[in-house]
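J.: next come a sequence and a model predicted from it.
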Amino acid sequence: MKVMKFGGTSVGKPEGMHHIVSLVTRQDEPVIVVLSALSGTTNVLVEIGDYIAKGDRQSAKKSIDKLEAHYRAFINDLVKKEEAVAKAKAIVAEHFEFLNIILKISFSEALSKDILAQGELLSTRLFCTYLEEQRTPHQLLPALEFMSIDQYDEPQIGSIRVKLTQLLKKQKDKKLFVTQGYICRNAKGEVDNLKRGGSDYSASLIAAAINASVCEIWTDIDGMHNNDPRGVKRTVPVEQMSFDEAAELAYFGAKVLHPASIWPAQQYNIPVKLLNTMLPEAKGTTITEEAGSVGVKAVAAKDNIIAIRIKSSRMLLAYGFLRKIFEVFEKYRTPIDMITTSEVAVSITIDNADSLDSILKELEPFGTVEVDKNQTIISVVGNQIAQTEDMVKKLFGSIMNIPVRMVSYGGSPHNISLLVPAAYKAQILQQLNRGMFGLE
Ligand code: ADP
Ligand code: ASP
Ligand code: MG
């Protein structure tokens, strides 16, 4: 059995859904199709939740009506037969009635998660309606019946496996299953989600849970590129990379994959493929245990980074100093991305500012604390990059004019990270494209 995940851009147009059906029915093994919401939907749902939270019901209503009009137009081109049209209309009416009811209820965090879930619930039901119209046998597997996270928002892979296996057992004769990406239940049993872009994570968790032959992530680009195609001219796909390399790139900003989406596949050794829905014959990127080749594969950038420097002469020859500092971040459940030390100072970066004030207060007794906001981590990722000839020369040679704030080298054989002020991001990515990959 394989997993095929289609992102928002792939399902965003009715023709996109038609095309997906032609792809998923061509397979010679059973498939679980994981769908995102139509592109743009989750953004609007976030907006609706924000308006309701602020008490601006009028703006929320406007956004709901606009989104509903979009879905009405969408189903017009999705299905044609009378029965299917009536069904699709009823589905759209049901979900928008729900949103309109929410407008009248007092706001809560749990309610905002219910709002966010509507996108994937809608896309999968509409997709199944089209499958029905085409008389393609299939089974909808509701993600809310098997996908779950614990009190720390960590997926419960054991329980996901048990529940999903039970659901599949009941449908032994079926070859095509459809489920929602992104949404899940939390430890309280409420509707929740795997954070923005989380459908990739759902796909990898499902692939791990059922020991899939492959986890295919179908999107709007032909694989993981060597650099960020959103800002850099001339980027190229990387054919093969290891789980470790892909995980570093996803974590450090390659938006094509959710930051946590590699570990479930890696843990169960399931190959991941990044493929282009509109160009299915393109090779894309294959991610397995094998790196394929030695050297630098790609660079990525992670925004909204905060750098914190703690300077203290008491650090000199002292042991236990770093532990005490790390304990502060641990207490506030704030992950550290980069760390560099000298004999009298330590610099740390975080990307979660939720507890920043409390963290800074608790760090004060340790020395002078300086904070730089609005920084970007640039990660250079590859296989055994430290041993690659001329790598350091090429890297630093190409960014001589950039004020680098921190460098992290040697933490892993796959990654060198640089911290730069956000204003230099576009420039440094372009210069690295030239200097490290020879792409102008
Ligand atoms: P989906 O809706 O399919 O989940 P996303 O928008 O989440 O698609 O991810 C695909 C996008 O990721 C691409 O269109 C591309 O602009 C962006 N992207 C950022 N970095 C990379 C990279 N290194 N390689 C490929 N795509 C990338
Ligand atoms: N629809 C969700 C989002 O836009 C999840 C996803 O697309 O992966 O974040
Ligand atoms: Mg995505």
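T.: Nice, thanks for sending it over. Ligands and ions are numbered 1, 2, ... in the order given.
J.: stretch 56-75 and ligand 2 in contact?
T.: No: applying Cβ under 6 Å from any ligand atom, one finds stretch 56-75 separated from ligand 2 by no less than 13.4 Å. Placement of C-beta: from N, CA and C, glycine included.
J.: residues touching the residue of the stretch 101-250 of the chain found nearest ligand 2, list them.
T.: Each residue of the stretch 101-250 of the chain has a distance to ligand 2, by Cβ to the nearest ligand atom, and the smallest belongs to residue 199, at 3.2 Å. When the contact criterion is Cβ atoms under 8 Å, 6 or more residues apart in numbering, the partners of residue 199 are 5, 7, 34-36, 120, 181-182, 258.
J.: could you check how far it is from residue 418?
T.: Taking Cβ to Cβ, to the nearest Å as the criterion, residue 199 is separated from residue 418 by 30 Å.
J.: got it, and residue 267?
T.: When Cβ to Cβ is applied, the distance between residue 267 and residue 418 equals 29 Å.
J.: and if you look at residue 409?
T.: Using Cβ to Cβ, one gets 9 Å for the distance from residue 409 to residue 418.
J.: where does the stretch 1-150 of the chain get nearest to ligand 1, residue-wise?
T.: Closest approach between the stretch 1-150 of the chain and ligand 1, counting by Cβ to the nearest ligand atom: residue 7, at 1.9 Å.
J.: that residue contacts residue 36, doesn't it?
T.: Yes: at 4.9 Å, residue 7 counts as touching residue 36 under the criterion of Cβ atoms under 8 Å.
J.: low-confidence ranges in the stretch 301-440 of the chain?
T.: Along the stretch 301-440 of the chain, the parts satisfying pLDDT under 70 run over 315-317.
J.: which residues does the residue at minimal distance from the centre of the chain contact?
T.: Central residue check for the chain by Cα atoms, centre = their mean: the C-alpha nearest the mean position is that of residue 258, 1.8 Å away. Residues touching residue 258, when contacts are defined by Cβ under 8 Å, 6+ apart, comprise 194-195, 197-201, 250.
J.: what do you get if the cut-off is 7 Å, keeping everything else the same?
T.: Applying Cβ atoms under 7 Å, 6 or more residues apart in numbering to residue 258 gives the contacts 197-198, 200-201, 250.
J.: tell me which two of those residues sit farthest apart.
T.: Looking at the contacts of residue 258 by Cβ to Cβ, the two members farthest from one another are 198 and 250, with 12.2 Å of separation.
J.: name the residues of the stretch 151-300 of the chain found near ligand 3, please.
T.: Those residues of the stretch 151-300 of the chain that sit near ligand 3, judged by Cβ under 5 Å from the ion, are residue 197.
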